[in-house]
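Undergrad: Compute the structure for the input listed below.
(one chain, ligands or ions: 1)
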Amino acid sequence: MTELLSDQRIDEALQGLPEWRRVGDAIERSAELASFPQAIEVVNRVAERAEAANHHPDIDIRWRTVTFRLSTHSHGGITEKDIALAGEIDDVITDV
Ligand SMILES: C[C@H](O)[C@H](O)[C@H]1CNC2=NC(N)=NC(=O)C2=N1
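TA: I've put the predicted structure just below:
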């Protein structure tokens with residue numbers, strides 16, 4: 001059962017996600033890639049992970065900088081689904 005996380009749990013989870021920060025009812029991180037094509041490659045790989053998880057980030061692409069914002073829209077806030085996908089996004093960025 002997906003539930004909204006407490007502020008304490010969010011803070012704990014962000015300890016393990018040092019690139020991410022809380023922005024209101026979402027968590028967010030940016031990454032600067034080596035090129036625009038590489039930024040798009042990251043977005044495509046994240047899209048595959050998101051589809052597999054049936055959980056989708058908001059994505060902002062500005063040249064080489066990609067910003068991912070995660071919130072569980074159906075719950076209006078941050079759930080474990082956001083924490084899990086954030087970890088997967090970090091893996092994609094590290095591996096690209
Ligand atoms: C019908 C489908 O399962 C839902 O709309 C999914 C799709 N992806 C989603 N992504 C996010 N971030 N939040 C959701 O509530 C959500 N719901």
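Undergrad: Can you say which helix or strand has the residue minimising distance to the centre of the chain in it?
TA: Nearest residue to the geometric centre of the chain (Cα atoms, centre = their mean): A86, 3.8 Å. Here A86 is covered by helix 80-95, with elements defined by DSSP states H and E.
Undergrad: Which positions in that helix come out as buried?
TA: With burial defined by 16 or more other Cβ atoms under 10 Å, the residues of helix 80-95 counted as buried are K81, D82, I83, L85, A86, E88, I89, D90, V92, I93. Every residue, glycine included, has its C-beta placed from N, CA and C.
Undergrad: Kindly report the same for stretch 49-69.
TA: By neighbour count on 16+ other Cβ under 10 Å, the buried set for stretch 49-69 is R49, A50, H55, P57, V66, F68, R69.
Undergrad: In contact with I89, which residues?
TA: Residues in contact with I89, defined by Cβ atoms under 8 Å, 6 or more residues apart in numbering, are R29, V46, R49, P57, F68.
Undergrad: where does the second one fall, helix, sheet strand or coil?
TA: Read that as V46. Going by DSSP: H, G, I helix; E, B strand; the rest coil, the secondary structure assigned to V46 is helix.
Undergrad: Close to the ligand: what parts of the chain are there?
TA: Proximity of the chain to the ligand is assessed by Cβ under 6 Å from any ligand atom, with N54, H55, H56, T72, H73, S74 identified as the residues in range.
Undergrad: Among those, which ones are in helices?
TA: Applying DSSP state H to these, no entry is found in helices.
Undergrad: mind giving me JSON lines with those and columns for pLDDT?
TA: As requested, the residues of the chain next to the ligand are exported to JSON lines (pLDDT from 0 to 100):
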{"residue": "N54", "pLDDT": "98"}
{"residue": "H55", "pLDDT": "98"}
{"residue": "H56", "pLDDT": "98"}
{"residue": "T72", "pLDDT": "98"}
{"residue": "H73", "pLDDT": "97"}
{"residue": "S74", "pLDDT": "97"}
